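[1] have a look; sequence and predicted model below, questions after that.
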Amino acid sequence: MMSLIGTWILVCIVISSSTLNVAESSVDSHPNIILMNMDDLGWGDLGITGHPARETPNLDKMASTGLLHTEFYAAAAICSPSRASLLTGRLPLRNGFYQNTYPGRNAYTPQEIVGGISDAELLIPELMQRAGYRTKIIGKWHLGHQEKYLPLNHGFDEWLGAPNCHFKYNVTWRKGPNIPIYRDKEMIGRYYENFEIDIAKGFSSYTEMLVDEAVAYIKRNSSQPYFLYWAPDSTHAPSYSSSDFSGKSVRDSYYGDAVMELDDGIGRILSAVKSTSKTTLVIFTSDNGAALVSKDIAGSNGPLLCGKQTTFEGGFRVPTISWWSNGGPRGVSHEAASHMDLLPTFAELVGVGLPDHLVLDGVSILPILQHNQPGSPKPIFFYRGNLLYALRFQQHKAHFYTWTTPDEELEKGIDFCPGVYMKNITTTYIKKQVPPVLFNLGRDPGEKYPLRWKSQEYKDAMDTIEHIVEEHRNSMEPGVPQLEICDEAVMNWSPRGCERLSACIPPPPSSPYKCFWPH
């Protein structure tokens with residue numbers, strides 16, 4: 001058993017800097033890297049993954065001329081923890097993007113949250129800077145909105161985008177200032193006020209601006225390698241698109257229009273990449289599965305069970321494509337991998353060492369990206385908040401806990417698994433499964449048919465999985481939880497630059513309280 005565990009033990013041990021040093025033996029030892037992270041885009045939203053609308057021709061072409069990763073996972077089924085893990089290579093429980101007040105429940109960074117990404121965390125852009133890269137983020141940050149948490153204090157040289165979701169404030173129950181848009185260290189306006197979003201019409205030209213910014217950045221950076229993190233948010237509710245795409249999708253939804261515009265923008269970005277001579281690696285992915293709470297106007301997770309917020313496949317498995325501007329492997333990778341693998345992968349790719357003390361939850365998948373060469377199997381962990389709900393190893397996935405939506409939320413019309421009922425599986429409370437519920441995802445990616453617990457397949461798989469869980473728990477050192485305390489005084493009342501715009505708003509007195517997390 002220990003020999004099997006040894007094949008993936010790097011998931012939770014200290015990685016030495018010498019492990020990831022690579023010889024800089026060619027002009028491609030410092031390729032440009034573009035990481036595209038969509039918002040609530042589902043596994044089944046692309047034509048290449050089976051959506052009948054087939055309105056993603058650029059992404060479908062990207063997949064057909066690159067690698068389509070069918071078994072790629074986020075580290076959380078909700079935005080902020082997922083994005084923190086993407087950029088740190090560490091589980092939310094380890095990097096602090098969780099809360100302990102309500103065990104087993106998700107948390108994120110609304111603008112009343114006090115916490116954010118810790119200075120102790122090493123982020124991909126900081127790593128890239130050490131290798132001589134220029135770094136830029138375009139779009140949504142969501143790792144804390146107080147100044148000390150913002151991107152330019154965590155490895156990015158440039159930023160155009162917003163620190164939080166584009167919710168509209170001072171309407172119904174959501175009180176406070178509208179979210180600012182930043183150009184580098186200063187705000188240049190706010191959603192709805194200076195940057196229009198017409199919720200009723202599903203209209204905004206914001207995505208167009210983000211695409212233009214990316215294309216211009218690519219074209220002006222021909223001499224120094226760059227890392228570009230492109231994170232649009234138009235597929236997060238309320239969805240929006242510009243006039244060229246409004247009402248065009250056969251999906252007959254603002255979400256469908258937004259997907260079409262993103263696909264068109266990605267086509268423009270890839271064209272800009274191809275117009276330069278520098279080798280560029282582009283990774284396309286999503287922060288979590290589709291938010292099925294929006295029901296018929298939501299995205300699609302295809303055959304996968306449930307969606308955002310849950311630890312079923314529809315919440316964690318995300319559409320992912322890797323593509324090289326100079327060719328690279330073509331085809332499909334069925335290797336189970338995760339967002340957390342990207343930091344060590346990029347480190348190996350550019351030949352930069354990692355600190356001796358750094359504990360990662362990801363491993364380099366560079367052989368897959370460069371040659372579609374399978375690596376050793378490794379586990380995928382499914383946390384909801386501070387609780388390990390499930391674990392996948394090879395084709396088997398064990399659920400130790402299950403939960404979809406609490407009854408009190410269902411009464412309000414909120415449902416993270418609409419139209420689906422599976423007795424003892426899609427539970428409306430945190431149910432400890434004894435014995436654990438086990439699925440074979442190779443035969444049953446939709447998690448519909450639990451294996452009989454008396455079968456030999458069940459016993460063999462659970463022997464391995466239980467040993468992995470024990471090793472994982474013994475090695476886990478949780479970070480300081482960042483998502484427990486809220487305070488209206490820390491909202492985006494007066495960000496830097498507000499004076500120039502006459503947009504400063506006096507904050508209320510500080511009154512910290514424990515945040516409430518319903519699901």
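    Done, it's in. Numbering: from 1, shown residues only.

[2] what helix or strand does residue 457 sit in?
    Using DSSP states H and E, residue 457 maps to helix 456-475.

[3] and the following helix or strand past that helix, what does it pack onto?
    Scanning forward in sequence from helix 456-475 by DSSP H and E, the next helix or strand is strand 485-486. Here strand 485-486 touches strand 513-514, going by 3 or more Cβ pairs under 8 Å, 6 or more residues apart in numbering; DSSP states H and E. Quick note: C-beta positions are derived from backbone N, CA and C, even for glycine.

[4] hmm, who's touching the strand it packs on?
    Here strand 513-514 makes contact (Cβ atoms under 8 Å, 6 or more residues apart in numbering) with 101, 484-487.

[5] quick one: strands adjacent to that strand?
    In the sheet containing strand 513-514, its partner strands are strand 485-486 (antiparallel), by DSSP bridges.

[6] what are the contacting residues of the strand it pairs with?
    Applying Cβ under 8 Å, 6+ apart, the contact partners of strand 485-486 are 110, 112-115, 512-515.

[7] tell me the mean pLDDT for it?
    Averaging pLDDT along strand 485-486 gives 98.

[8] same deal with stretch 271-281?
    95.

[9] between the two ends of it, what distance do you get?
    13 Å (Cα to Cα, to the nearest Å).

[10] returning to that earlier point: just the buried members of the contacts of strand 485-486?
    Buried subset of those (neighbour count, 16 or more other Cβ atoms under 10 Å): 110, 112-115, 515.

[11] how about the helices in the protein?
    Shown for the chain, the helices assigned by DSSP state H span residues 2-6, 57-64, 79-88, 92-95, 124-130, 206-220, 254-274, 313-316, 342-350, 366-371, 407-410, 456-475, 498-501.

[12] using a markdown table, lay out these together with distance to residue 307.
    Conversion of the helices of the chain to a markdown table gives the following (distance: least, Cβ to Cβ, whole Å):
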| stretch | distance to residue 307 |
| --- | --- |
| helix 2-6 | 32 |
| helix 57-64 | 20 |
| helix 79-88 | 13 |
| helix 92-95 | 18 |
| helix 124-130 | 27 |
| helix 206-220 | 22 |
| helix 254-274 | 13 |
| helix 313-316 | 4 |
| helix 342-350 | 23 |
| helix 366-371 | 27 |
| helix 407-410 | 14 |
| helix 456-475 | 24 |
| helix 498-501 | 37 |
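
[13] what's the closest of those helices to residue 280?
    Distance to residue 280, taken as Cβ to Cβ, is lowest for helix 254-274 among those, at 4.8 Å.

[14] where does the prediction get shaky in the stretch 1-150 of the chain?
    1-28 (pLDDT under 70).

[15] hmm, try it at 90
    Confidence mapping of the stretch 1-150 of the chain against pLDDT under 90 gives the ranges 1-29.

[16] wait, residue 251 touches residue 55, no?
    Yes: counting by Cβ atoms under 8 Å, a contact exists between residue 251 and residue 55, whose distance comes to 7.3 Å.

[17] show the end-to-end separation of stretch 198-212, please.
    Chord length of stretch 198-212, first to last residue, is 21 Å (Cα to Cα).

[18] other residues contacting that stretch?
    Outside stretch 198-212, the residues within contact range by Cβ under 8 Å, 6+ apart are 138-139, 160-161, 166, 168, 195-197, 230, 232, 234, 238-243, 246, 254, 257-258, 261-262, 265, 268-269.

[19] now list the buried members of the residues you listed.
    Buried subset of those (neighbour count, 16+ other Cβ under 10 Å): 138-139, 160-161, 166, 195, 197, 230, 232, 234, 238-242, 246, 254, 257-258, 261-262, 265, 268-269.

[20] okay, how far is it across stretch 180-193, tip to tip?
    Distances were taken as Cα to Cα; on that basis the terminal residues of stretch 180-193 are 10 Å apart.

[21] for it, the distance to its chain's centre please.
    Stretch 180-193 sits 23 Å away from the centroid of its parent chain (Cα atoms, centre = their mean, to the nearest Å).

[22] go on, stretch 338-349?
    With Cα atoms, centre = their mean as the basis, the distance from the averaged C-alpha position of stretch 338-349 to the chain average is 14 Å.

[23] same thing with stretch 478-492?
    Centre-to-centre, stretch 478-492 and its host chain are 20 Å apart (Cα atoms, centre = their mean).

[24] identify each buried residue in it, please.
    Of all the residues in stretch 478-492, those buried under the rule 16+ other Cβ under 10 Å are 479, 481-488, 490-492.

[25] one more: stretch 147-167?
    Of all the residues in stretch 147-167, those buried under the rule 16+ other Cβ under 10 Å are 149-152, 154-167.

[26] what of stretch 413-428?
    Taking 16+ other Cβ under 10 Å as the basis for neighbour counts, the residues of stretch 413-428 that come out buried are 415-418, 420, 422, 425-428.

[27] distance between the ends of that stretch?
    Using Cα to Cα, the end-to-end distance of stretch 413-428 comes to 13 Å.

[28] I'd like the mean pLDDT over it, please.
    Looking at stretch 413-428 alone, the average pLDDT works out to 96.

[29] now what about that stretch, what contacts it?
    Looking at what lies outside stretch 413-428 - Cβ under 8 Å, 6+ apart - the contacts are 292-293, 295, 305-310, 312, 314-315, 399, 402-407, 409-410, 431, 433, 437, 447-448, 450, 519.

[30] just the buried members of the residues you listed?
    Neighbour counting with 16+ other Cβ under 10 Å marks 292-293, 305-310, 312, 314-315, 399, 402-406, 409, 433, 437, 447, 450, 519 as buried within the contacts of stretch 413-428.

[31] from those, which land in strands?
    Secondary structure from DSSP state E places 399, 402, 433, 437 of the buried ones among the contacts of stretch 413-428 in strands.

[32] take those residues and lay them out in CSV including distance to residue 82 and pLDDT.
    Shown next, in CSV, are these (distance: Cβ to Cβ, whole Å; pLDDT from 0 to 100):
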residue, distance to residue 82, pLDDT
399, 20, 98
402, 20, 98
433, 24, 98
437, 24, 98
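
[33] in TSV: those, plus distance to residue 274.
    Output for those, formatted as TSV (distance: Cβ to Cβ, whole Å):
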residue	distance to residue 274
399	44
402	46
433	49
437	47
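
[34] report the contact partners of the spatially most central residue of the chain.
    The structure's the chain has its C-alpha centroid closest to residue 287; by Cα atoms, centre = their mean the separation is 2.3 Å. Applying Cβ under 8 Å, 6+ apart, we find residue 287 in contact with 37-40, 74, 79, 82-83, 86, 318.

[35] which residues does the nearest residue to it once chain neighbours are set aside contact?
    Nearest residue to residue 287, sequence neighbours excluded (Cβ to Cβ, 6 or more residues apart in numbering): residue 82, at 4.5 Å. Counting by Cβ under 8 Å, 6+ apart, residue 82 touches 74-76, 92, 287-288, 339.

[36] please redo it, this time with the cut-off set to 10 Å
    By Cβ atoms under 10 Å, 6 or more residues apart in numbering, the contact set of residue 82 is 37, 73-76, 92, 97, 108, 142, 285-288, 308, 315-316, 318, 339.

[37] then residue 238?
    With contacts defined as Cβ under 10 Å, 6+ apart, the neighbours of residue 238 are 165-168, 197-200, 202, 204, 254-255, 258, 294, 297.

[38] kindly recompute the last result at 8 Å.
    For residue 238, the residues meeting the contact criterion (Cβ under 8 Å, 6+ apart) are 166, 168, 197, 199, 202, 254.
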